[in-house]
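> structure here, sequence nowhere to be found:
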């Protein structure tokens, strides 16, 4: 049985929401088990209080009572806090052959640093890239890689990310020949920086991908592209700009309804199913976390503000990435 | 009287929408005149057919019959097409002391190249930066500089952009002590690339701005920041990602209403004022074009898909930037 390790103490709403997320995932799908890392005594008490239908053969707790605080520099935290839920979880991922994936909603810096230091990369991979999965207007999904693991990149790294993204799109999104776009400030071949121009040339030269060329950030959510390749800095900017704009819309909608009088409120009630559907489509947390792609085993970074639903989605995403074709994502 | 030069043949809907935009601007505000550049005979026929109330003392046409096509490399186009509406307009901006600003909805590449080659920079400015004005959720506006004029930047250029943005925020948005944020992939001081870290240090050291430090792209539309400073590549990514997400929302909303049956349609009718207001708030074309900041005279790049309303807004923006305090924006 596949084992997924969950950092029970990572995230803004840990450990309560992470534990509920784990129980939700277990009840939704069979065929895998979860190992929680964190303060064992506290987790046991928490679980006892939450449910009397815990599938005990599928839920294990490994004691990891140390707590990494936000103030700690990531490298120092990883080196010193060996009994933290993060470090212990990743060490378990390395040593337990049944353990296929590690999921954490802890701080991005700490999770990426720990995974980089502790988990081996796949052969031939220079750097792992953070790859969230976003919803598109066409109802599909798009992978954005890298979104912040590597601020400064070399062209070869972008080629790497293109291949990792393609692999993930094939396996996780079920797209046989994913369309790969290079994030740029224009669609013309010669646009961009020295980095993107050289990466463009490399990806084109290797000719092993369905490379559609340079794309603008406007096209990310269009549904025409399956994998958007970027250095970690620009990818992060693109991701956060999308998030911020979606949030802005929701805020304006709420304010508009609140200040729009009875008419707007009745309109809202009638339109609620439509708006709920949009919110669901645009809510990328429901689609799982960001995969730290390029490592020998799956590491998933869930959003820091993940509640149970997002944690459960990230766990099931880890299961999906490791089912059928084994552990070669 | 201030003279604004309008590239009547720039933009997807030129010359009809540019001309209507010019007439709209003239009827909305007094105290300035417009000089149209383009095919004089055609423009005269067009104007005759559009309105019989043209304020002839405030509208002039300068013949510029050459047409720059999208296929032409910008530098070559600027050098060879001296009788194009773009090049002639910019040369007029240089030579006519009454001419204070040039507005074009032509291709970004051509407009920026032409302005860079033909219009002098202000003393002390290394590079001009493209600075669109975006609406925020708080009802205010935010300036994003640079959004694509300079793909590769040096730290000194980002300091330049910060100052130019601050100046524009003071003059055009009327904010006395604008909050300046540096676009980054995290809010911590040490986040980012060598470029952003050095720019951070420089801006901080100069200490002549209200510098709030690194900001994430999520905060661009929040209303907490007045000027977002960035290299042209990342700035373009941020801008286009915001645009794309806004478009995605509108598309999903339309589709949801169309497929949501009678209930959704009635709901939409009731909510229409709210949605219209949101659309208006988020429609950054209504707020004018992107200022190419750092030049001795004002150059404004309106969106390529500008219709009359956006052209008029960009013209009035040019007037605003040149009223009261003269021509020192």
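All right, it came through fine. Everything quoted here is computed from the prediction, not taken from an experiment.

> and the closest residue to chain B within the stretch 1-150 of chain A, what does it touch?
Using C-beta to the nearest C-beta, the single residue of the stretch 1-150 of chain A nearest to chain B is residue A:137, 4.6 Å away. Just so you know, the C-beta spots here come from the backbone N, C-alpha and C atoms, and that holds for glycine as well. For residue A:137, the contacting residues are A:221-223, B:248, B:251-252, by C-beta atoms under 8 Å, 6 or more residues apart in numbering or on different chains.

> helices along the stretch 51-200 of chain A, start to end?
A:74-80, A:85-95, A:108-118, A:155-173, A:194-206 (DSSP state H, counting those that start in this stretch).

> who in the stretch 101-250 of chain A is up against chain B?
For the stretch 101-250 of chain A, the residues in contact with chain B (C-beta under 8 Å from any C-beta of the partner chain) are A:109, A:136-137, A:148, A:151-152, A:183-186, A:191-194, A:196, A:216-222, A:230, A:232-234, A:236-249.

> can you tell me which of these are buried?
A:109, A:136-137, A:148, A:151, A:183-186, A:191-193, A:196, A:216-222, A:230, A:232-234, A:236-249 (16 or more other C-beta atoms under 10 Å in any protein chain shown).

> coming back round to it: which one of the helices of the stretch 51-200 of chain A lies closest to residue A:21?
For residue A:21, the closest of the helices of the stretch 51-200 of chain A is helix A:85-95, at 14.2 Å, according to C-beta to C-beta.

> that older thread, what two of the contacts of residue A:137 are the furthest from one another?
Across the contacts of residue A:137 (C-beta to C-beta), the longest gap, 12.1 Å, separates A:222 and B:252.

> give me the contacts around stretch A:195-208.
A:153-156, A:158-159, A:162-163, A:180, A:182-184, A:189-190, A:192, A:209, A:211, A:213-214, A:229, A:231, B:233.

> switch to 6 Å and redo it
A:155, A:158-159, A:162, A:182, A:184, A:211 (C-beta atoms under 6 Å, 6 or more residues apart in numbering or on different chains).

> out of those, who's the most crowded?
residue A:184 (29 neighbours; other C-beta atoms under 10 Å in any protein chain shown).

> can you tell me the element the residue lying closest to residue A:16 once chain neighbours are set aside falls in?
Distance criterion C-beta to C-beta, 6 or more residues apart in numbering or on different chains; nearest residue to residue A:16, sequence neighbours excluded, is residue A:46 at 6.6 Å. Element membership for residue A:46 (DSSP states H and E) is helix A:40-50.

> check which residues of that helix are buried.
Applying 16+ other C-beta under 10 Å to helix A:40-50 flags A:43, A:46-47 as buried.

> for these, give me CSV that also has pLDDT.
Output for those, formatted as CSV (pLDDT from 0 to 100):
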residue, pLDDT
A:43, 96
A:46, 94
A:47, 94
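
> will you turn the residues you listed into CSV that also has distance to residue A:93?
Converted to CSV, the buried residues of helix A:40-50 look like this (distance: C-beta to C-beta, whole Å):
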residue, distance to residue A:93
A:43, 18
A:46, 23
A:47, 22
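
> angle of the helix holding residue A:46 against helix A:85-95?
100 degrees (axes from the mean of the first three to the mean of the last three C-alpha atoms, to 10 degrees).

> measure the residue of the stretch 1-150 of chain A closest to chain B to residue A:176 for me?
According to C-beta to C-beta, to the nearest Å, residue A:137 and residue A:176 sit 22 Å apart.

> how about the strands in the stretch 1-150 of chain A?
A:2-7, A:32-38, A:59-63, A:99-104, A:129-131, A:133-135, A:141-145 (DSSP state E, counting those that start in this stretch).

> what packs against the third one?
On a contact count with 3 or more C-beta pairs under 6 Å, 6 or more residues apart in numbering or on different chains; DSSP states H and E, strand A:59-63 meets strand A:32-38, helix A:40-50.

> contacts for it next, please.
A:34-37, A:40, A:43.

> if we use 7 Å, what do you get?
A:22, A:26, A:33-37, A:40, A:43-44, A:88, A:92 (C-beta atoms under 7 Å, 6 or more residues apart in numbering or on different chains).

> which members of the residues you listed are the farthest-apart pair?
A:26 and A:88 (20.8 Å).

> end to end on stretch A:182-201, go ahead and measure it.
11 Å (C-alpha to C-alpha, to the nearest Å).

> average pLDDT for it?
Taken as a whole, stretch A:182-201 carries a mean pLDDT of 96.

> what of stretch A:113-132?
Rounded mean pLDDT across stretch A:113-132 is 95.

> equivalent analysis for stretch A:149-169, please.
96.

> chain center to that stretch: distance?
Relative to the mean C-alpha coordinate of its chain, stretch A:149-169 is positioned 15 Å out (C-alpha atoms, centre = their mean, to the nearest Å).

> right, I'll leave it there.
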